[in-house]
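S.K.: Task: produce atomic coordinates for the following.
(chains A and B)
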Amino acid sequence: DIQMTQSPASLSASLGETVTIECLASEDIYSNLAWYQQKPGKSPQLLIYDASSLQDGVPSRFSGSESGTQYSLEINSLQSEDAATYFCQQHHDYLTFGSGTKLEIK
Amino acid sequence: QVTLKESGPGILQPSQTLSLTCSFSGFSLSTYGMCVGWIRQSSGKGLEWLANIWWNDDKYYNPSLKNRLTISKDTSNNQAFLKITNMDTADTATYYCARSGDYGGYWFAYWGQGTLVTVSS
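M.R.: Numbers count the residues shown, from 1 in each chain, chains lettered A, B, ... in the order given. Predicted structure coming up:
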């Protein structure tokens, strides 16, 4: 089974700042990774697929990248509406989600 | 406009079988590359993928739950279904159905609102 280790579990940042959330795959997943945003009481929303492709309608301040088995979600120019929990999901071997990162806006 | 909506019993007892329905609109599950999946989330916890069904009726199950899961679809009525046998209190969760991206893929571009299932005696 492929394990996705997501970090940090939570973080707090100020409006306008840039934050990075990471997922480390236990083996090569060949860019088969998506990122989701989930706000309290809501369903997850797709942000990024294929590690770095921006889903239609998602603001360009969200971006995805990879380095080996490490995948990153970067959010630039933080807005208040970015307060949410973020999950990664690999789909190279079955589908598994990371444990989530709760982002608080100061 | 793509929409999905889950429906289920709300509450059931341990050892019973859970039957969930995903009713959708705005696409056809007979379209090449299309996929509907089921994902659950325990209160305050992470997401756990359960199963996928494709346009060609291929099925894909979480190996840790495979023996308990059955996914199916009714293309003519725009519905997908999931059955989970031998439910336990640990299966209490919000259950989501979701659809793949516009050109297929193994990610979920559209999600339903979720349906809460509580397992309790």
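S.K.: What residues does chain A have near chain B?
M.R.: A:1, A:32, A:34, A:36, A:43-46, A:49-50, A:55, A:87, A:89, A:91, A:94-100 (Cβ under 8 Å from any Cβ of the partner chain). The C-beta positions use only the backbone N, C-alpha and C, and glycine is treated the same way.
S.K.: Narrow those residues to those that are buried.
M.R.: With burial judged by 16 or more other Cβ atoms under 10 Å in any protein chain shown, the buried subset of these is A:32, A:34, A:36, A:43-46, A:49-50, A:55, A:87, A:89, A:91, A:94-100.
S.K.: May I have the residues that are in contact with the residue most central in space within chain A?
M.R.: By Cα atoms, centre = their mean, chain A has its centre lying nearest to residue A:35, at 4.1 Å. Shown in contact with residue A:35 (Cβ atoms under 8 Å, 6 or more residues apart in numbering or on different chains): A:21, A:46, A:47, A:48, A:62, A:64, A:73, A:86, A:87, A:88, A:89.
S.K.: Going by neighbour count, which residues in the least confident helix or strand in chain B by mean pLDDT are buried?
M.R.: In chain B, the helix or strand scored least confidently by mean pLDDT, DSSP states H and E is strand B:104-111, which has a mean of 93. Across strand B:104-111, burial judged by 16+ other Cβ under 10 Å covers B:105, B:106, B:107, B:108, B:109, B:110, B:111.
S.K.: Run a quick neighbour tally on residue B:45.
M.R.: Number of residues near residue B:45 (other Cβ atoms under 10 Å in any protein chain shown) recorded here: 12.
S.K.: mind checking which helix or strand the residue nearest to residue B:35 when sequence neighbours are not counted is in?
M.R.: In space, and not counting its chain neighbours, residue B:35 is closest to residue B:100: 3.9 Å by Cβ to Cβ, 6 or more residues apart in numbering or on different chains. Under the criterion of DSSP states H and E, residue B:100 resides in strand B:93-101.
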